[in-house]
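*Asks:* Curious how this folds, go ahead:
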Amino acid sequence: MQKIQKTPPAEMRAHTNMKMLQTEFLKQIREVTAEKYEYMLGVLPPERLAHNAFLVGEPYDHKDGHERFQGFAEIGDKFYYLGLMTTKDFDTFTINVEQI
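*Replies:* A predicted model of the protein is given here:
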């Protein structure tokens, strides 16, 4: 008889946590004007800049000992505020335009 494992394996927990994290980010995303996007891009040198997305160059706050920055992205002809994220979040974050 095989034992039933009550705690999911670490890789499953990590995947579930990533899905929850992505869902949390999707709730924060909102469209902004081109002017707001350009202003935020130019206010300070970006902390991270990649593929028409960036993190504003100064932390907005800290959570669990990690600096969180305001994220912005240009997708097609629209501009979005991505919410608060760490540099690690930004480096691993992907978004499906249909989810917005």
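*Asks:* sec struct for Glu35, please.
*Replies:* helix (DSSP: H, G, I helix; E, B strand; the rest coil).
*Asks:* ugh, wrong one, I meant Lys27
*Replies:* Assignment for Lys27 (three-state DSSP): helix.
*Asks:* pLDDT value on it, please?
*Replies:* Model confidence at Lys27, expressed as pLDDT, equals 72.
*Asks:* got it, and Asp89?
*Replies:* So, for Asp89, pLDDT stands at 89.
*Asks:* okay, now it: neighbour count?
*Replies:* Asp89 sits with 20 neighbouring residues when counted by other C-beta atoms under 10 Å. For glycine as for every other residue, the C-beta is placed from the backbone atoms N, C-alpha and C.
*Asks:* try Lys36
*Replies:* The number of residues near Lys36, taken as other C-beta under 10 Å, comes to 13.
*Asks:* again, but for Thr86
*Replies:* When neighbours are defined as other C-beta under 10 Å, Thr86 has 20 of them.
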